[in-house]
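In: Sharing a sequence plus its predicted fold:
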Amino acid sequence: MKSSQNLRGALLALIAMGIFATHDVVVKTLGASYSAFQIVFFAALLSFPLVAVILLNDGREASLKPRHPWWVSLRMVMTVITGVTAFYAFSVLPLAQVYVILFSAPLLVTILAIPMLGERVGAHRWAAVIAGLIGVIIVMRPGQAALSAGHIAAIVAAVTSAFASVIVRKIGSHERSVVLLLFPMIGNFVVTGLALPFVYKPMPIEHLGLLGVIALFGLIASFLVILAYRAAEAAIVAPMQYSQILWATGYGYFLFNEELDLPTVIGAGIIIASGIYIVVRESRKGAASHKPVTESRMRPETVTTPRASLLLKVLPFWRGKGR
């Protein structure tokens, strides 16, 4: 029974990652014509009604005033930056390179958990983190190619998404999940809305339709991640995120004439191995109570891909399971 549940969870996660990758392909397609600020603004506009339906079904009476306003505000800023920089990186870099750099986020979560959560990291996990960061350097190829704005944007997205993830672990047991979901959405809408007059280009109806696809796919994939984690052990589900590199390779080759080069392959292999090793270390018996990578449901949180663990707590049909 347990093995069948783990298989079901792994398959659900693989499907979710495929939908996420398709979501990112649409972002890349639109990014060839429009600013990341414009894409995020309209994606936020179209995503908000979908999430609002969920939030409005959370009938528990409570104030939307944050209990930890500074942490909530910082997380909102981190999430806004993640969305804009990740969308920009997907627009200008090969898909596989963006994923490889974003895969460093779990390594950064491990590092940030030390000062922010009081997590103790042993020599084995430190070795995995260092190896993974070396993998990032290999992908970046310093000295062999100029560091582009797209590479910098992807690095920033990895750092800010890691910050946002650790903040949830820090205040998530005290702050309402609705607050943690709603504030980043509002922040994205306000910030990108302020930037919109400076970058706006008229969009034909078919491109507005693609923005709707982004909003819908992000939410569907997030729901599938929830189902995956409810069906299987986290140690089984978490590594499935790395299947996105396979989707990226296929999409990149057939749709954008992108090919994997040797440094990207080597760097990806090191980063993926490091991330999986950390998940294994966190899942073993006797591991620390804080498991920042395994519990993060790691996918860079943007306005179209809300954090799955927070959605789980406000879904009306699972209300009794959450906060």
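Out: Great, that's in hand.
In: need the helices for this protein, in chain order.
Out: For the chain, the helices defined by DSSP state H occupy 2-31, 36-56, 69-92, 95-102, 105-117, 123-140, 149-171, 177-199, 205-231, 234-237, 244-256, 262-283, 308-314.
In: Next up, the contacts around Ala105.
Out: Contacts for Ala105 were tallied using Cβ atoms under 8 Å, 6 or more residues apart in numbering; they are 158-159, 161-162, 165, 298, 300. All C-beta spots, glycine's among them, are computed from the backbone N, C-alpha and C.
In: Rank those residues by pLDDT and give me only the lowest.
Out: Across the set of these, Met298 stands lowest in pLDDT, at 57.
In: residue ranges with poor pLDDT in this structure?
Out: 1-2, 50, 52-63, 142-146, 284-298, 314-323 (pLDDT under 70).
In: The spatially closest residue to Ala86 that is not a sequence neighbour: neighbour count?
Out: Closest residue in space to Ala86, ignoring its immediate chain neighbours: Ala157 at 4.0 Å, by Cβ to Cβ, 6 or more residues apart in numbering. By other Cβ atoms under 10 Å, the residues close to Ala157 number 27.
In: From Ile101, how far out is Ala157?
Out: 8 Å (Cβ to Cβ, to the nearest Å).
In: Spit out the residues that contact these two alike.
Out: Ala89.
In: picking up where we left off before, could you list which residues are in contact with the residue nearest to Ala86?
Out: Per Cβ under 8 Å, 6+ apart, neighbours of Ala157: 81-82, 85-86, 89, 101-102, 300.
In: can you tell me how far it sits from Asn257?
Out: 24 Å.
In: what do you get for Ala86?
Out: Applying Cβ to Cβ to Ala86 and Asn257 gives a distance of 22 Å.
In: just Pro263 next, same as before
Out: Taking Cβ to Cβ, one finds Pro263 at 19 Å from Asn257.
In: Then Val279?
Out: For Val279, the distance to Asn257 - Cβ to Cβ - is 34 Å.
In: ok, the two, which is more surrounded?
Out: Under the criterion of other Cβ under 10 Å, the comparison of Val279 against Asn257 puts Val279 first, with 23 against 8.
In: Point out the most buried one among the helices of the chain.
Out: helix 95-102 (a mean of 28; mean count of other Cβ atoms under 10 Å).
In: Would you confirm that Ile15 contacts Leu224?
Out: Yes: the pair Ile15 / Leu224 is scored as a contact, 5.8 Å apart, by Cβ atoms under 8 Å.
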